[in-house]
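In: Below are the sequence and a predicted model for it; my questions follow.
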Amino acid sequence: MAKTKRGKGLWNTLSRGRGTCPICLATRIKLLYSATNSEGKLVTVCKKCSLVDAKIVDKAVSTVNLGFRGKLRRELNQQKQSV
């Protein structure tokens, strides 16, 4: 397979499949995996959080309004400490 064809599906996704993981709050990471919470709702997460229990997924933080860069790092750390 040619290297130009690898990961071609990521170019069509929002932000090239990258974002902030709602469980571990890792920034600028690929969110290609899904985890289910206790209600059966799917949440997109990073690779290392894809195998967590439903109890941990219930504590996931909404990362819709969070950015990637350092100016929002305080908000991430505050949410991480509260979880």
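Out: All right, it came through fine.

In: Kindly state the pLDDT recorded for the one residue sitting closest to the centre of the chain?
Out: Compute the mean C-alpha point of the chain, and by Cα atoms, centre = their mean the closest residue is residue 21, 2.4 Å away. pLDDT recorded at residue 21 is 88.

In: Enumerate every residue touching it.
Out: 29, 31, 45, 46, 49, 63 (Cβ atoms under 8 Å, 6 or more residues apart in numbering). In this view, the C-beta of every residue, glycine as well, is placed from N, C-alpha and C.

In: so what's the closest residue to it other than its chain neighbours up against?
Out: Leaving aside its sequence neighbours, residue 21 sits nearest to residue 46 (Cβ to Cβ, 6 or more residues apart in numbering; 4.3 Å). Residue 46 is in contact with 21, 23, 24, 26, 29, 30, 31, 32, 33, counting by Cβ under 8 Å, 6+ apart.

In: can you pull out the helices in the chain?
Out: Secondary structure of the chain (DSSP state H): helices located at 54-58, 73-82.

In: Tabulate those in a markdown table, adding columns for distance to residue 14, mean neighbour count and mean pLDDT.
Out: Below are the helices of the chain laid out as a markdown table (distance: least, Cβ to Cβ, whole Å; neighbours: other Cβ atoms under 10 Å; pLDDT from 0 to 100):
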| stretch | distance to residue 14 | mean neighbour count | mean pLDDT |
| --- | --- | --- | --- |
| helix 54-58 | 21 | 14 | 91 |
| helix 73-82 | 20 | 12 | 70 |
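
In: possible to save those helices as CSV with distance to residue 8?
Out: Compiled in CSV, those are given as follows (distance: least, Cβ to Cβ, whole Å):
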stretch, distance to residue 8
helix 54-58, 29
helix 73-82, 31
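
In: For residue 16, which of these is the nearest?
Out: Comparison of the helices of the chain against residue 16 by Cβ to Cβ identifies helix 73-82 as nearest, at 20.6 Å.

In: thinking residue 48 is in contact with residue 24, fair?
Out: Yes. Residue 48 is within contact range of residue 24, at 6.9 Å (criterion: Cβ atoms under 8 Å).

In: Between those two, point out the one with more neighbours.
Out: More crowded of residue 48 and residue 24, by other Cβ atoms under 10 Å: residue 24, with 18 against 13.
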